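J.: Test case, fold it:
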Amino acid sequence: MEDEIGLATRAAWMHFAGGLTQSEVAERLGITRLKAHRLVARAARDGLVRVFIDGEIAECAQMEGVLAAAHGLDVCRVVPVLDDDPLPIKALGIVGAQYLKGVLERDDDTLIGVGHGRTLAACADNLIRMQLKRTRFVSLLGGLTRKFSANPHDVIYRLADRTGAEAYVLPVPFTANSVEDRAVLMAQRGVAEVFDLARRASLLFVGLGAVEKQASLIATGMLDRNDMEQVRRDGGCGEVLGWFFDRAGRPVETEVSHRTLTLGLDDLRRGRMVAVAGGTGKVDAIASVLASGLLQGLITDERTARVLVDRVERPGGGAGRRAG
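T.: I've put the predicted structure just below:
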């Protein structure tokens, strides 16, 4: 099996990177044309081939400039839509991986904090395999769930597998049963050490969540519906790393937020936070987190960006970045 995968990888490299036809690949490898075709197809099917497109789409680049100026962003990427899916995970995963690849190649951020969510998992899946010597990844919040397939720690494991980097996870739930239980968990040996490490991360690579009944926090079992309903009643609109914000970007202080096992807001402001988020159902959530002033970077899709830009350009529709 390993020999077959290696052969498929070699065939794909010759075809996609080397520009050889499948007939030329067959000749180079000493196999039949049919087998060369099957190997190339397998490499694409098994995710061995990653595609990055150089160049910018003018409209997307223009929206990037508007959003960056309005919200004080150092990084803004607007992704062209690929289909009619209301949650463009595929497109966001590709460009999010491209951004992360550039960060890793520059080797400036040797300690990277990682959030949770399906979009970040897609970024990890689309990252090419690399061998990192100095970089480490660390979880920024708890997230043990009853559903292993939905466990946000899986994002960390995928990144470690892709890069060979060291990874540190927090073996605690997203929320504790009480404020007192949270204090006990945070003080545990191992947990406290990982949180201390997370506070030193120079780049925080995160996803954003919406406050709604279909939110991924509920779907993964990290938060129950009653807790989410309480956050909504208290004005919560968007979420990042377990912190909820209202439409004006103000933190929503609820009983839930005091039970969440995550870093404090002052800790989050120390790092450079870049979010990957998009979709028609997350526009308000993204706008609320942008208004909080926590983000230094945003990677989103063009449909979402168009609405956000309209709010900026409409009279009274867009406030600039809030003071930290």
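J.: hang on, residue 290 packs against residue 300?
T.: No - the pair residue 290 and residue 300 fails to qualify as a contact (CB atoms under 8 Å) at a distance of 10.0 Å. Where C-beta positions appear, they are placed from N, C-alpha and C, glycine not excepted.
J.: Touching both of those two, which residues are there?
T.: residue 308 (CB atoms under 8 Å, 6 or more residues apart in numbering).
J.: the strands in the stretch 201-324 of the chain, which residues?
T.: For the stretch 201-324 of the chain, applying DSSP state E, counting those that start in this stretch gives strands covering 203-206, 209-210, 238-240, 243-245, 272-276, 295-301.
J.: list the helices and strands the helix ranked longest in the chain packs on?
T.: The residue-count maximum for a helix in the chain (DSSP state H) belongs to helix 89-106. Using 3 or more CB pairs under 8 Å, 6 or more residues apart in numbering; DSSP states H and E as the contact test, the elements touching helix 89-106 are strand 75-79, helix 118-126, strand 272-276, strand 295-301.
J.: so how far is that helix off the chain centroid?
T.: Its chain's C-alpha centre and that of helix 89-106 lie 9 Å apart, by CA atoms, centre = their mean, to the nearest Å.
J.: avg pLDDT for the following helix or strand past that helix?
T.: Moving toward the C-terminus from helix 89-106, the next helix or strand (DSSP states H and E) is strand 111-114. Taken as a whole, strand 111-114 carries a mean pLDDT of 96.
J.: who touches strand 111-114?
T.: By CB under 8 Å, 6+ apart, strand 111-114 touches 103, 120, 135-140, 155-156, 159, 197-198, 200-206, 271.
J.: If any of those are buried, give me the ChimeraX selection for them.
T.: Command for ChimeraX that selects the buried part of the contacts of strand 111-114, burial taken from 16 or more other CB atoms under 10 Å:
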select :103,120,135,136,137,138,139,140,155,156,159,197,198,201,203,204,205,206,271
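J.: How about residue 21, nearest residue that isn't a chain neighbour?
T.: residue 15 (7.6 Å; CB to CB, 6 or more residues apart in numbering).
J.: cool, and residue 184?
T.: residue 176 (8.0 Å).
J.: Please give me every residue in contact with that neighbour.
T.: 182, 184, 185, 259, 261.
J.: Burial check on the second one, number of neighbours?
T.: When you say that, I think you mean residue 184. 11 (other CB atoms under 10 Å).
J.: Which helix or strand contains it?
T.: Going by DSSP H and E, residue 184 is in helix 179-186.
J.: elements contacting that helix?
T.: helix 191-199, helix 255-259.
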